[in-house]
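Student: Dropping a prediction and its sequence here:
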Amino acid sequence: MNKVKIVIAGPRGNMGKEAVKMVAKTEQFELVAVVDSKHEGMKLEDLEGFSGLGLDVPIYTDMTACFTEHNADVLIDLTAPAYGRKHMEIAFEHGVRPVVGTTGFSEEDITSLRTLAEKKGLGAIIAPNFAIGAILMMKFAQMAANYLPDVEIIERHHDRKLDAPSGTAVKTAELIAQVREAKQQGHPDEREDMAGARGADFEGMKIHSVRLPGLVAHQEVIFGGIGQTLTIRHDSIDRTSFMPGVKLAVETVLKLDTLVYGLEHIIE
Ligand SMILES: NC(=O)C1=CN([C@@H]2O[C@H](COP(=O)(O)OP(=O)(O)OC[C@H]3O[C@@H](n4cnc5c(N)ncnc54)[C@H](O)[C@@H]3O)[C@@H](O)[C@H]2O)C=CC1
Ligand SMILES: O=C(O)C1=N[C@H](C(=O)O)C[C@H](O)C1
């Protein structure tokens, strides 16, 4: 069986490092190159943290050059919100299927990238969260919202995170919005005496973003009903939690011919 040829963008990042290890130890995957913000022309094994892993893999700073010089089946993108869309467009131009964990996509980004994927007949996956526990948290939250429509989301992340709210919080709110009418929550006359005190608003649901050193990735979805509350909580305490989902997405994207947004469509 031919190995799946993979390029990873963002290999030195928190997620990228784990993805490199996951690909290196997966028999049917082959890491052919990486795309980084620096170190053009070097090899991955020359970088701190990668020596001794047998990673004779070239580093590119230009994704177009990378795909011109290497045949790849899949791009795993774990970079930063400013680059996710552009990287997907470059991958499509070269017939490469993107698996994207990078967050910060707008609804319009997803719609136009799906159109592009279908035009090219290529699969693509944008997964705001690869952890199975987080997917279950979102599914359970959607189920609970049928019965308890008053809900607020508190997401907590490390203080190096660029986007807020998190991709997971946005996805959770979108899934809940599929089963409940938009509604105003809290007192009709409530006011913010300090801007932002009530958090961001998604169809009446409030989303609160906490950023602190020491955190990894955590979310609580809190429902309130008469005389009761229900809290659904997920914690990623280590980034290895995301890797089985990344592996599954790579295997699945090869069989798709459209863009799938969210692993809940894959993990039934
Ligand atoms: N979907 C999921 O399950 C998860 C998604 N994320 C998302 O993944 C992204 C990366 O997260 P972290 O690894 O924590 O960030 P990080 O800041 O630790 O790593 C990002 C890496 O990307 C590199 N980079 C930045 N711009 C680049 C470019 N144009 N080309 C190539 N490399 C570039 C940086 O040098 C850095 O090494 C974020 O958007 C985050 O929200 C993070 C964790 C889980
Ligand atoms: O930046 C992170 O760390 C994470 N980002 C994703 C998000 O925005 O939801 C997934 C996870 O929460 C970790």
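Tutor: Perfect, I can see it now. Ligands and ions are numbered 1, 2, ... in the order given.
Student: Identify the residues contacting the residue of the chain found nearest ligand 1.
Tutor: The nearest approach of the chain to ligand 1 comes at G13, 2.0 Å away (Cβ to the nearest ligand atom). For the C-beta atoms, the positions are set from N, CA and C on the backbone; glycine is no exception. Contacts for G13 (Cβ atoms under 8 Å, 6 or more residues apart in numbering) come out as 78-79.
Student: Give the phi and psi angles for it, as a check.
Tutor: phi -80, psi 180 (degrees, to the nearest 10).
Student: and it, how far is that from ligand 2?
Tutor: As judged by Cβ to the nearest ligand atom, to the nearest Å, G13 and ligand 2 stand 10 Å apart.
Student: and if you look at E45?
Tutor: Counting by Cβ to the nearest ligand atom, the gap from E45 to ligand 2 is 26 Å.
Student: Next, that residue: secondary structure please.
Tutor: helix (DSSP: H, G, I helix; E, B strand; the rest coil).
Student: Apart from its neighbours in sequence, what residue is nearest it?
Tutor: L55 (4.5 Å; Cβ to Cβ, 6 or more residues apart in numbering).
Student: Tell me which helix or strand D235 sits in.
Tutor: Element membership for D235, per DSSP states H and E: strand 228-236.
Student: What pairs with that strand, parallel or antiparallel?
Tutor: strand 217-225 (antiparallel) (DSSP bridges).
Student: So what's the gap between the strand it pairs with and the chain middle?
Tutor: 19 Å (Cα atoms, centre = their mean, to the nearest Å).
Student: related to what we said a few turns ago, burial check on the residue nearest to E45, number of neighbours?
Tutor: 19 (other Cβ atoms under 10 Å).
Student: Return the residues in contact with it.
Tutor: The contact partners of L55, taken as Cβ under 8 Å, 6+ apart, are 20, 24, 31, 43-45.
Student: among those, which two are most distant?
Tutor: Distance extremes for the contacts of L55: the farthest pair is A24 and K43 at 13.7 Å, using Cβ to Cβ.
Student: What is the nearest of the contacts of L55 to ligand 2?
Tutor: Taking the contacts of L55 together and measuring to ligand 2 by Cβ to the nearest ligand atom, the closest member is V20, at 16.8 Å.
Student: next helix or strand past the host helix or strand of that closest one?
Tutor: V20 is part of helix 14-25 when elements are defined by DSSP H and E. Using DSSP H and E, the helix or strand that follows helix 14-25 in sequence is strand 29-35.
Student: which residues in the chain form helices?
Tutor: Shown for the chain, the helices assigned by DSSP state H span residues 14-25, 63-69, 84-93, 107-120, 132-145, 167-177, 243-253.
Student: Spell out which residues of the stretch 1-150 of the chain are next to ligand 1.
Tutor: 9-10, 12-16, 35-37, 78-81, 83, 101-103, 127-130 (Cβ under 6 Å from any ligand atom).
Student: Next, count neighbours for E203.
Tutor: Neighbour tally, E203, other Cβ under 10 Å: 14.
Student: just checking, it touches L175?
Tutor: No: with contact defined as Cβ atoms under 8 Å, E203 does not count as touching L175 (11.8 Å).
Student: neighbours of the closest residue to Y147 other than its chain neighbours, just the number please.
Tutor: Of all residues not flanking Y147 in the chain, G225 sits nearest, at 7.6 Å (Cβ to Cβ, 6+ apart). By other Cβ under 10 Å, 12 other residues sit near G225.
Student: so G225 bridges to which residues?
Tutor: According to DSSP bridges, beta-bridge pairing links G225 with Q228.
Student: list the contacts for it?
Tutor: Neighbours of G225 in contact, by Cβ under 8 Å, 6+ apart: 147-148, 150.
Student: for G95, same thing?
Tutor: G95 neighbours (Cβ under 8 Å, 6+ apart): 120, 122.
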